[in-house]
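Visitor: Coordinates only, no sequence provided:
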C-alpha cells in the first residue's frame, strides 16, 4: 500500500513508530501528484518547499518534541484561503497574480501543527458554482470518472483527497461547497457551525453564510483537522468565543438513544431512486445500532434555495466591490479615467457566473426592490432557523441525502444556472441556519458507479455528536471503502 | 417584469456587451422568477442579537503587514503611493 493511500491517523502512528518519515510521505504524495494531476487537474499552484518543510518536521520528530496528530501530513488548501508568499487566485483572472502578504488564521494554525501544504487547489471562481467549471484557471475532473465534475466550489480539494494527491484538505462552504464535492468524490467533508472557524484570510463571497472546513478520507481525519482549525479569533468579529474540545479524542461510535430526524421535504421526486435506497439503508443501519429514527417536517425548506441565492448574491455584490484594480489584483491595460478603469477591470477580471451573481445582488439591494427580495429573504432565513431550532427539540441529528444525485458530466449544466442552483437544495439550509453539517459516502449509483453522500446536520456547536454519528456509520458499514466503487489504479 | 440590465451593470461597475445582454437578461429573469417564490412577511423582523460581537479597545496597534509587503501586489506605484488615473482638475 502506498503512503498516499493511507489516512492521516494511520500515518501519524507510522511516524511515531518510525515506520516512515514525513519526507517519505510528502515525496510519495508529490509523486502521485506528478502521475495523476495531469488528468485530475486539482492543483493551481504546488508548494515547491514542501519537501524542505518535511525535513524540518522530521528533525522535530526525532528530537522527541511532542507533535500534533497531523504533523508531517500533506494538506491541500483551497485557493480562496490566503497563504503568505503563495499565489492565491480564487480561480479568477481578477487575482491571477495575487500573492497575499499575510496568512489566513487557519493557515497559521496548520503551520503551528506542522502540517505540510501540498499546494493550492482549484475551485469555482470566487466560490460561485457547484462544479468547479467556472474556474478561470483549469477544469478539474472527478477521480471516480474523469468525464464527470468533482462538484464545487471546493472541487479541487475534494478531488485531490479522493485521488491521493493530498491526505487531507481545506475547503470552504457557503451553500454546500464542501459537502457537495465531498459527496461527488466519495470523501468526507464537514461544514462547521458558523463562527467556529475563523474567516480571517478567507477571501469573502458571502460573509454571513460561509465557513472554512476539513475534507478527508475518513471521519477521524476530519475530526483531527477540525480540532486544529476551530477556535476563537480576535481578527474575525463573527468568531465565537466558546470552549472547543479535542474532537478527535472525543470521537465515539456509540449512538444508542440518539434521535435521528428524517425530514420528508429532502426526499422528494428529484432524488435518484438508488440514492434514496442508499440513504434508507444507512438509516436502517443506525436504527439497528440503537438510534431512534423519527419522521419530521421542515416545510420552509421549499424557500431555501430562493432565499439563499438572494442573500448570497447580495453579500457577494458587496464583498466583490473591492475589486477595482487600484491596490492589488488585475487592472485593465487600457482605460479612460478612473470610472472606466473600474468598469474595464471588473468586466475583464470577472467571469460570467460571478457577474451574474453581482448583478443579482445589486438588483435585490437596489432601492426599488430591497423590500421585495432582500428583506423577504432575510425573513425566510429567520423562519428556517427557527424551524431547525424546533426540530432539534425532538431530535439530535437530522439526516438527508447531501445532493439529489451523483456527479454530472462536465459541460452538462454549466449553461443552465437554474439547473445548477437546484443541486444545492439539500445543503443550503445548514448555511442559512449556521448549523454544522457533514457529508459521508453511503453508496454508489448502479448505473455509473459514482458515489452518493449522506448528509448529517447537527445543532449549533454540537460537532462532537455530529462527528460521532458519522464515525458510527463508518464503523457499522465496515469503512467507506466498502460503500464506494474506486480503485487507486483506475485514474488513467 | 422589466429588468434594466445595463442600469444594474452600471451600478456594479460592470459592462455587459451588446451581444451578451439577451443571455444575461434572460438568466436574470429566470433567477428572479425563482426568487419570487418567497412568502410575504407577516411579522416584524427583529435583528438577531443572539451572537456576541465584542469590540476591541480604541487604541492604535501595529498592523500585521509592512508598507513594502502591502505595495507588492499593486498594479502601479510611485514613491510608496498607489497610482490611479487623475480624478481632480
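Guide: Nice, thanks for sending it over. Keep in mind the model is a prediction, meaning the values are calculated, not measured.

Visitor: can you map out the helices along chain B?
Guide: B:5-11, B:18-35, B:67-71 (DSSP state H).

Visitor: buried stuff in the second one?
Guide: So that's helix B:18-35. For helix B:18-35, the neighbour count (16 or more other C-beta atoms under 10 Å in any protein chain shown) marks B:24, B:25, B:27, B:28, B:31, B:32, B:34, B:35 as buried. The way it works is simple: take the backbone N, C-alpha and C, and place the C-beta from them, glycine included.

Visitor: from those residues, which has minimum pLDDT?
Guide: Across the buried residues of helix B:18-35, the bottom pLDDT score, 73, is held by residue B:35.

Visitor: rewinding a little: so for residue A:472, which of the helices of chain B sits nearest?
Guide: Distance to residue A:472, taken as C-beta to C-beta, is lowest for helix B:18-35 among the helices of chain B, at 37.4 Å.

Visitor: related to what we said a few turns ago, what about the helices of chain B, which gets the closest to chain A?
Guide: Evaluated with C-beta to the nearest C-beta, these place helix B:67-71 nearest to chain A, the distance being 3.7 Å.

Visitor: from the chain's centre, how far out does that closest one sit?
Guide: 24 Å (C-alpha atoms, centre = their mean, to the nearest Å).

Visitor: what does that helix contact?
Guide: Outside helix B:67-71, the residues that touch it by C-beta atoms under 8 Å, 6 or more residues apart in numbering or on different chains are A:101, A:102, A:327, B:77, B:80, B:82.

Visitor: Flag the helix or strand of the chain with the lowest per-element mean pLDDT.
Guide: Reading this off chain A. Using mean pLDDT, DSSP states H and E, the weakest-scoring helix or strand in chain A turns out to be helix A:417-421, at a mean of 76.

Visitor: not quite, I wanted chain B
Guide: Per mean pLDDT, DSSP H and E, bottom of the list for chain B is helix B:18-35, a mean of 84.

Visitor: sec struct for residue A:237, please.
Guide: coil (DSSP: H, G, I helix; E, B strand; the rest coil).

Visitor: mind listing what it touches?
Guide: Applying C-beta under 8 Å, 6+ apart, we find residue A:237 in contact with residue B:53.

Visitor: phi, psi of residue A:43?
Guide: Here is the backbone geometry of residue A:43 (degrees, to the nearest 10): phi -100, psi 140.

Visitor: which SSE is the closest residue to it other than its chain neighbours in?
Guide: Leaving aside its chain neighbours, residue A:43 sits nearest to residue A:119 (4.6 Å; criterion: C-beta to C-beta, 6 or more residues apart in numbering or on different chains). Residue A:119 belongs to strand A:116-121 when assigned by DSSP states H and E.

Visitor: So in that sheet, which strands flank that strand, and in what orientation?
Guide: Using DSSP bridges, strand A:116-121 pairs in its sheet with strand A:43-46 (antiparallel), strand A:74-78 (parallel).

Visitor: which residue is nearest the middle of chain B?
Guide: Centroid check for chain B by C-alpha atoms, centre = their mean gives residue B:12 as the closest residue, at 7.5 Å.

Visitor: which residue sits closest to that residue, ignoring its sequence neighbours?
Guide: residue A:362 (4.5 Å).

Visitor: Give the rounded mean pLDDT of stretch A:93-109.
Guide: On average, stretch A:93-109 scores 97.

Visitor: What residues sit buried inside that stretch?
Guide: A:93-96, A:98-109.

Visitor: Could you tell me how far residue A:206 is located from chain B?
Guide: 15 Å (C-beta to the nearest C-beta, to the nearest Å).

Visitor: thinking that residue is in contact with residue A:319, fair?
Guide: Yes. Assessed by C-beta atoms under 8 Å, residue A:206 is found in contact with residue A:319 at 7.3 Å.

Visitor: How about the secondary structure of the residue nearest to residue B:12?
Guide: With three-state DSSP as the basis, residue A:362 sits in helix.

Visitor: For it, the count of nearby residues, please.
Guide: Neighbour count for residue A:362, taken as other C-beta atoms under 10 Å in any protein chain shown: 24.

Visitor: ok so, going back, quick check: which of the strands paired with strand A:116-121 has the most neighbours on average?
Guide: Most buried of those by mean neighbour count (mean count of other C-beta atoms under 10 Å in any protein chain shown) is strand A:74-78; its value is a mean of 31.

Visitor: what's near enough to touch residue A:98?
Guide: Applying C-beta under 8 Å, 6+ apart, the residues contacting residue A:98 are A:87, A:88, A:89, A:328, A:329, B:73.

Visitor: So, low pLDDT: which residues of chain B?
Guide: Applying pLDDT under 70 to chain B flags residues B:1, B:44-52, B:89.

Visitor: hmm, 80 instead?
Guide: B:1-2, B:31, B:34-36, B:41-54, B:89 (pLDDT under 80).

Visitor: any low-confidence regions in the stretch 251-400 of chain A?
Guide: Along the stretch 251-400 of chain A, segments meeting pLDDT under 80 span A:269, A:367, A:370.

Visitor: all helices for it, in order.
Guide: A:273-288, A:304-319, A:338-349, A:352-365, A:376-394 (DSSP state H, counting those that start in this stretch).
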